[in-house]
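> Any chance you could fold what I've pasted below:
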Amino acid sequence: MLVVIIFVLLFLKLGKERSNEHYMNIVNALLLINLVAGFMWSREGAMFSEMFRTNKLMVLEKNILNLAMLIISMQSYVWLKTHHHVPEFYILLLSTMLGMFFMISGGNLLMFYLGLELSTIPLAAAANFDLAKRRSSEAAMKLIFSSAFSSALLLFGISLIYGTTGTLIFSQIPHFLNNNPLQIFAFILFLAGFAFKISVAPFHLWTADVYEGAPVAVTSFLSVISKGAVLFVFVSVLYTVFKPLAEAWYNMLFILSMLTIVVGNLFAVRQNNFKRFLAFSSIAQVGFILVGITAGSQSGAASVVYFVLIYVFSNLAAFGVISIVSSSTGKEHISDYKAFYKTNPVLSWILTIALFSLAGVPPTAGFFGKFFLLFAGAGKGNFLFITIAALNMTISFYYYLRVVKAIFMDENAEPIEKVSIPIMPRLALYVCMTGVLATGFIGYVYSYIHSISSGM
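From the prediction side, this is the model:
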């Protein structure tokens with residue numbers, strides 16, 4: 001379906017010139033069809049000597065990304081309406097999505113790596129899509145350099161794994177892993193490559209600059225879809241391919257998760273630019289996700305997929321408000337949002353509920369997401385680990401509430417003027433709000449994810 005949409009856009013681009021609204025309406029309709037089709041005709045199995053495989057969990061993961069792509073497309077309406085390269089923008093992002101889907105379904109290290117590269121290179125071009133802004137070019141350059149470095153580490157790790165096991169097939173590698181020093185070193189390289197992609201401290205240094213420089217739509221994509229796809233693959237690879245090294249990677253993830261949560265929290269407190277603020281917020285969220293991953297169990301896999309689904313709704317709700325305000329007024333700083341409630345009450349409440357969900361405040365879905373992550377992590381019996389993570393979750397309330405205080409309580413002689421919300425972004429925000437408020441209370445969602453995670 002993604003390939004079909006890409007070719008439709010290519011043919012439309014080669015034909016007569018159309019208005020941006022026409023392109024966006026066509027793409028949104030096709031993305032909706034793609035989302036609906038993703039839940040139909042799904043089959044389980046493997047092809048091409050296990051280079052490509054699929055199961056119910058992988059199908060769900062791809063559909064979560066499809067939903068996020070549709071929401072981002074609808075939220076980008078105000079920004080793309082005045083842009084000169086709408087088809088190219090969608091082609092880049094959909095090509096990135098295609099690479100992510102191959103990466104999720106990859107059953108071979110080379111197939112996984114090809115999917116990773118296909119998902120990285122077009123995204124760097126998309127980060128430079130504000131062609132007239134120097135910081136957008138800077139963001140693309142930093143993303144290219146960091147991606148190249150992390151890909152090199154991954155490829156080096158893959159070569160060592162192949163050298164010590166003699167195979168690239170995921171299902172065969174565990175039989176040849178025996179915890180020898182070279183295999184541990186190969187895994188460290190593999191882990192470092194993944195850590196760059198999902199912004200685990202100390203591999204996070206590119207994140208804030210790229211988030212700030214890229215267009216809001218691309219920042220949303222990086223924050224939710226790119227990170228979510230790599231996390232899905234990371235869990236799958238850890239729980240299947242590197243299961244014999246579980247004791248080693250548990251200790252590594254324990255240290256990295258604590259460092260990531262602390263670094264994300266400390267730096268988020270200092271930010272004034274909203275995109276940099278959400279960048280460090282996302283780093284802290286990844287730290288909590290690592291807590292769930294350390295469980296190494298079915299509950300761990302289910303809690304990660306469930307949290308990513310909630311994160312899609314919460315983060316895109318926040319980015320949706322920022323996108324509308326940024327496109328209409330050019331303002332992206334937290335200080336600009338002082339007294340925002342006086343002129344934009346609807347957007348203020350949407351942003352506030354999104355921030356509450358990211359903080360883990362009940363009754364939003366974010367609370368249930370973090371609860372299941374901590375509950376899964378507690379399965380190992382390391383209660384000091386869980387206590388530190390829970391305390392950091394409490395600390396994070398401070399910087400989220402600081403933004404809420406600015407919106408509702410701080411004085412501002414010239415607050416952001418009343419912003420009109422077109423129908424597409426408005427619908428996207430309502431979908432996000434429904435997800436944030438309903439996902440946590442609909443118990444079937446987590447139960448279903450847990451039931452299909454048994455094959456992990």
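> Below-threshold pLDDT in this structure: ranges please.
In the predicted model of the chain, residues 455-456 satisfy pLDDT under 70.
> who's in contact with stretch 240-254?
Contacts to stretch 240-254, defined as Cβ atoms under 8 Å, 6 or more residues apart in numbering, come from residues 170-171, 173-174, 177-179, 183-184, 187-188, 190-191, 238, 290, 293-294, 296, 380, 382, 385, 456. C-betas here are computed from N, CA, C, even on glycine.
> How about stretch 10-20?
With contact meaning Cβ under 8 Å, 6+ apart, stretch 10-20 is reached by 23, 26, 80-83, 86-88, 91.
> what's the farthest-apart pair in these?
With Cβ to Cβ as the measure, no two of the contacts of stretch 10-20 lie farther apart than Thr82 and Ile91, at 18.9 Å.
> quick one: contacts of stretch 354-367?
Counting by Cβ under 8 Å, 6+ apart, 281, 285, 310-311, 313-315, 317-318, 321, 353, 369-371, 393, 396-397, 400-401, 403-404, 432, 435-441 sit against stretch 354-367.
> Just the buried residues out of these, in PyMOL syntax.
Command for PyMOL, covering only those of the contacts of stretch 354-367 found buried under the criterion 16 or more other Cβ atoms under 10 Å:
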select buried, resi 281+285+310+311+313+314+315+317+318+321+353+369+370+371+393+396+400+403+404+432+435+436+439+440
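> List the ones among the contacts of stretch 354-367 that fall in helices.
Those of the contacts of stretch 354-367 mapping onto helices are 281, 285, 310-311, 313-315, 317-318, 321, 353, 369-371, 393, 396-397, 400-401, 403-404, 432, 435-438, per DSSP state H.
> got the contact list for Val224?
If a contact means Cβ under 8 Å, 6+ apart, then Val224 has 68, 72, 311-312, 315-316 as its contacts.
> hmm, which two among the residues you listed are most spread apart?
Spatial extent of the contacts of Val224 (Cβ to Cβ) is set by the pair Ile72 and Tyr311 at 13.5 Å.
> Name the residue closest to the centre of the chain, please.
The residue lying closest to the centre of the chain (Cα atoms, centre = their mean) is Val224, at 2.5 Å.
> Next one: that one from Ser282, what distance?
If you measure Val224 against Ser282 using Cβ to Cβ, to the nearest Å, the figure is 9 Å.
> can you list residues touching both of these two?
Going by Cβ under 8 Å, 6+ apart, residues that sit against Val224 and also against Ser282 are Asn315.
> residues contacting the nearest residue to Ile407 once chain neighbours are set aside?
In space, and not counting its chain neighbours, Ile407 is closest to Phe340: 4.6 Å by Cβ to Cβ, 6 or more residues apart in numbering. When the contact criterion is Cβ under 8 Å, 6+ apart, the partners of Phe340 are 347-348, 351, 406-407, 415-416.
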